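Visitor: Any chance you could fold what I've pasted below:
(one chain, ligands or ions: 2)
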Amino acid sequence: MSVTAYLGLGSNQGDRAENLRQAIRKLDAQAGIRVLRVSPVYETEPFGYVEQEVFLNMAVAVETDLSPEQLLETALAVERELGRVRTIRWGPRTIDIDLLLYGTSSVSLEHLVIPHPGLSLRAFVLVPLRDIWEGGVLPGHDQTIDHYLFLLAEDHKGVREWGAINWEIGSDPSAS
Ligand SMILES: Nc1ncnc2c1ncn2[C@@H]1O[C@H](COP(=O)(O)OP(=O)(O)OP(=O)(O)O)[C@@H](O)[C@H]1O
Ligand SMILES: Nc1nc2c(c(=O)[nH]1)N=C(CO)CN2
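Guide: Ligands and ions are numbered 1, 2, ... in the order given. Next up is the predicted model:
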């Protein structure tokens with residue numbers, strides 16, 4: 001049975017837009033994952049560890065036959081392929097792929113929590129998610145995205161529309 005899942009993508013190292021583009025293309029090329037919608041791209045002030053470059057962030061809706069754990073494994077594999085090296089927590093990264101929502105399911109495992117625990121606290125996640133998510137109240141939460149964004153009014157200012165990713169142009173991800 002296929003499920004619509006939402007992924008949050010972020011990059012603040014190297015060619016940030018190209019990293020996002022490659023991540024989307026690699027995800028779409030996986031068996032059991034089809035990209036349905038992509039949000040606009042936002043340039044965002046770093047959250048958490050602030051002594052680092054600004055990020056590009058976006059959200060992606062996928063249709064998937066994979067389980068939540070398989071989807072996480074795939075996301076981590078794509079991060080590795082794009083050269084992500086784990087250094088400090090919340091530190092710089094070529095690409096970060098977070099599982100935000102998986103249908104209306106909740107998952108609570110040691111290595112995987114869905115909805116993503118930071119979801120309602122991060123304007124850089126909520127702003128792009130709002131662009132492509134068609135629901136009302138967030139699964140696993142008791143309020144709408146707009147409500148959480150209202151609470152994050154200050155952080156919201158650090159999220160600026162940047163542009164769009166043309167990920168479908170030139171369609172062989174292994175070629176680049
Ligand atoms: N919903 C989720 N999406 C992605 N990773 C998750 C999720 N829940 C738990 N994890 C775990 O978090 C681990 C560390 O992820 P990562 O290094 O990207 O953290 P981070 O981006 O620095 O911080 P944060 O998780 O707060 O965004 C992953 O290896 C994964 O096992
Ligand atoms: N603006 C922004 N800040 C961050 C981001 C991110 O994607 N965007 N990711 C982090 C680690 O999850 C830590 N801080």
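Visitor: only C-alpha atoms for contact and neighbour calcs from this point on.
Guide: Noted.
Visitor: is the lowest-mean-pLDDT helix or strand in the chain up against ligand 2 anywhere?
Guide: Lowest mean confidence among the helices and strands of the chain (mean pLDDT, DSSP states H and E): helix 153-156, at a mean of 80. No - Helix 153-156 lies out of reach of ligand 2 by Cα under 6 Å from any ligand atom, never closer than 9.5 Å.
Visitor: Show me how far the next helix or strand after that helix is from its chain's centre.
Guide: Using DSSP states H and E, the helix or strand that follows helix 153-156 in sequence is strand 159-163. Centroid separation for strand 159-163 versus its chain: 15 Å, with Cα atoms, centre = their mean, to the nearest Å.
Visitor: Which elements pack onto the least confident helix or strand of the chain?
Guide: Helices and strands touching helix 153-156, by 3 or more Cα pairs under 8 Å, 6 or more residues apart in numbering; DSSP states H and E, are helix 123-132.
Visitor: about what we covered before: which residues make contact with the least confident helix or strand of the chain from outside it?
Guide: By Cα atoms under 8 Å, 6 or more residues apart in numbering, the list of residues contacting helix 153-156 from outside reads 122, 123, 124, 127, 149.
Visitor: State the phi and psi torsions of the first one.
Guide: Meaning residue 122. Note on residue 122: its backbone torsions stand at phi -130, psi 110 [degrees, to the nearest 10].
Visitor: Tell me the pLDDT of it.
Guide: Among the per-residue scores, residue 122 holds a pLDDT of 95.
Visitor: how many other residues sit next to it?
Guide: Neighbourhood size, residue 122 [other Cα atoms under 10 Å]: 16.
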